[in-house]
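Undergrad: Below are the sequence and a predicted model; questions follow.
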Amino acid sequence: QVQLVESGGGSVQAGGSLRLSCAASGRTGRGFGMGWFRQAPGKEREFVAAITSTGSVTWYGDSVKGRFTISRDNAKNMLWLQMDSLKPDDTALYYCAAGPRGSVRETRYDFWGQGTQVTVSS
């Protein structure tokens with residue numbers, strides 16, 4: 001089992017930045033691909049970004065490409081999402097997830113955190 005705890009969410013004005021963190025614990029030695037997803041009220045969960053176990057490859061959703069950056073530190077069991085140039089449409093509950101490898105598909109992830117809320121005002 002892997003436990004994931006997100007933090008760093010909050011309220012920010014459009015154009016601002018936030019950095020989300022995800023702390024992993026448990027059986028992390030296997031080397032997991034990790035990802036960020038988000039869900040806004042009344043909408044389906046959406047892929048945001050993913051990264052391979054080594055950090056060598058990353059993927060981004062079209063709506064965040066060029067504004068968000070995913071990174072990880074395996075020695076610290078940490079995952080981050082740097083979010084810049086935030087827009088009101090970025091308002092959502094953000095989840096981190098872990099699976100055998102990084103993927104844009106949420107069905108490929110076995111473990112999920114509880115989420116951290118991001119609210120962007122105009």
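TA: Arrived safely.

Undergrad: Now do the contacts for the residue nearest the centre of the chain.
TA: For the chain, the residue whose C-alpha lies nearest the mean C-alpha position (CA atoms, centre = their mean) is residue 36; its distance is 2.4 Å. By CB atoms under 8 Å, 6 or more residues apart in numbering, the residues touching residue 36 are 20, 22, 48-50, 70, 79, 81, 94-97. For every residue, glycine as well, the C-beta is placed using N, CA and C.

Undergrad: for residue 70, same thing?
TA: Under the criterion of CB under 8 Å, 6+ apart, the neighbours of residue 70 are 35-36, 49-51, 58, 60, 79-82.

Undergrad: which of those residues count as buried?
TA: In terms of neighbour count (16 or more other CB atoms under 10 Å), the buried residues within these are 35-36, 49-51, 60, 79-81.

Undergrad: returning to that earlier point: from the contacts of residue 70, which is closest to residue 43?
TA: residue 36 (15.7 Å; CB to CB).
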